[in-house]
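# got a predicted model here, sequence first, then my questions.
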Amino acid sequence: MKFILLFGPQAVGKMTVGRELEKITDLKLFHNHMTIEMLEPIFGFGPDLWRLSDMFREEIFKTVAKSDQYGLIFTYVWAFDQQADWDFVENVCNIFEANGAEVILVELEADIDERLWRNKTPNRLDQKPTKRNVEVSERNLVDTMKKHRLNSIEGEIVKDQYLRINNTNLSAYEVASQIKKCFHLE
């Protein structure tokens, strides 16, 4: 069992890279907006959405970790200045490690101009309805970047199985291929 946590700031390409990695491996993609998009029409972006989203995610992680599947890719925006995000990542990794899974952390980073461009791509808007108000989504992207640190600093991630990729000028396929090669994924 493999668990890949694919993380980085909004519109860095996590879902798109995850889809490409899913195509060239036996891994399944569970991108973070799958729970958000299901719950937002009912609850808006209030506390019930986040509580239920966390609950669904944890149950999915536990079920996959105990299964005979090859593995799972999960995407996440990790605010490194928020202890709750560190706790979430530790909990998720523990779920998989407790079931004998290999945990792999892959961090994506890209220039802000590239991220702002990616924020408007048809694939993103198709898969993430809550991003379709591009003006609001763009403002959120910029505001979040000002409020939180969304990429690690050198040496902060201490896992053995860790890779950081600046994908500003790389295709999603190129990034997925690097990940597959680096971690010898099937």
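Done, it's in.
# got the contact list for the helix or strand of the chain with the lowest mean pLDDT?
Here the helix or strand of the chain ranked lowest by mean pLDDT, DSSP states H and E is helix 122-127, holding a mean of 84. Residues outside helix 122-127 that contact it (CB atoms under 8 Å, 6 or more residues apart in numbering): A11, M15, T16, H31, H33, E37, R118, K131, R132, V134. The way it works is simple: take the backbone N, C-alpha and C, and place the C-beta from them, glycine included.
# do stretch 129-148 as well
9-11, 33, 36-37, 40, 45, 77, 79-82, 112, 115-116, 119-120, 124-125, 150.
# can I take it that K120 is in a helix?
No: using DSSP: H, G, I helix; E, B strand; the rest coil, the assignment for K120 is coil, not a helix.
# can you map out the helices along the chain?
14-24, 33-43, 47-65, 83-97, 112-118, 122-127, 134-147, 172-182 (DSSP state H).
# which residues does V92 contact?
So V92 contacts F3, L5, R57, E58, F61, F74 (CB under 8 Å, 6+ apart).
# out of those, flag the one nearest to A101.
Nearest to A101 out of the contacts of V92 is F3 (CB to CB; 4.9 Å).
# pretty sure the closest one contacts A98?
No: applying CB atoms under 8 Å as the test, F3 and A98 come out as separate, 11.2 Å apart.
# looking at these two, which is more packed in?
More crowded of F3 and A98, by other CB atoms under 10 Å: F3, with 24 against 11.
# list the contacts of the more buried one.
Neighbouring residues of F3 by CB under 8 Å, 6+ apart: A65, G71, L72, F74, V92, C93, F96, A101, E102, V103, I104.
# return the member of those nearest to W50.
Looking across the contacts of F3 and measuring by CB to CB, the closest to W50 is V92, at 15.2 Å.
# that older thread, any residues in contact with both of F3 and A98?
By CB under 8 Å, 6+ apart, the residues touching both F3 and A98 are A65.
# show the end-to-end separation of stretch 19-34, please.
13 Å (CA to CA, to the nearest Å).
# going forward, the N-terminal residue is numbered 27.
All set: I'll call the first residue 27, so the last point we hit is now stretch 45-60.
# contacts for it, please.
Under CB under 8 Å, 6+ apart, the answer for stretch 45-60 is 28, 30, 32, 40-41, 44, 83, 86, 90, 95-103, 153-154, 156, 198-199, 201-203, 205-206, 211-212.
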